[in-house]
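Visitor: The sequence and its predicted three-dimensional model are supplied below.
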Amino acid sequence: MLILIDIVIGPLFGWLVYKEGKKTLKFDISFVILLQICAFSYGFYTIAQGRPVWIVYDSSSFIIVKNSDINWQDSNLFKSEFSKAPLFGPKFVALDLQKKYIQINNGSLGYDENKTIRNPLNYSDLIKAKQKMDDFSIPFLVLEKYNDAKDIQNILKKYPKANRWVALSAPVQDMVVLINQENVEVVDLKPWN
């Protein structure tokens, strides 16, 4: 979209307003350039707000949290590692299940799963959820129900240390997170239909 605006629409507008000897040519071209800068800035801002910043593990699956899902006005209350959106790609974190269960059991406040998952106050390091992740991970055989066996084998060749997987719930397409003792990796396989 940004490339279309800057490479196609901007020059097209410039071509439409250009007439040799026109008294207002400088103003017209300046206006087209200003319009392009505004459109580019708005597009860049929109992309930045919609980008995933956290991949949150919640007891049995991962969930993508976008920048626009988080109320950054409360960032001074977040732990330092969660107080700013990561600049280069989303980071894996875990939902602090102890805080989640306290919120569920506190009937006076009511419980909203989406708000809990999208609130960095409830995040902890992924390492703290490693045992639970291992307990709820699924063997690779289950992936064959929803994916071609060749696709699975090709991906497992790239990640030979992976030993199980967990589902990733995403806004556009659900995927699979391969897990092993050291790390996690998102891959393009379907966890379900």
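Guide: Nice, I can see it.

Visitor: Lowest-scoring secondary structure element of the chain by mean pLDDT?
Guide: helix 97-105 (a mean of 65; mean pLDDT, DSSP states H and E).

Visitor: just checking, what packs against whichever helix or strand comes after that helix?
Guide: Going down the chain from helix 97-105, the next helix or strand is helix 113-117, by DSSP states H and E. The contact analysis (3 or more CB pairs under 8 Å, 6 or more residues apart in numbering; DSSP states H and E) places helix 113-117 against helix 97-105. Glycine gets a C-beta too; all of them are placed from N, C-alpha and C.

Visitor: which parts of stretch 173-184 are buried?
Guide: By neighbour count on 16 or more other CB atoms under 10 Å, the buried set for stretch 173-184 is 174-179, 184.

Visitor: Repeat that for stretch 88-98.
Guide: 90-97.

Visitor: Kindly check the end-to-end length of that stretch for me.
Guide: 29 Å (CA to CA, to the nearest Å).

Visitor: Run the chain-centre distance for it.
Guide: 11 Å (CA atoms, centre = their mean, to the nearest Å).

Visitor: Also stretch 145-156?
Guide: The answer for stretch 145-156 is 24 Å, by CA atoms, centre = their mean.
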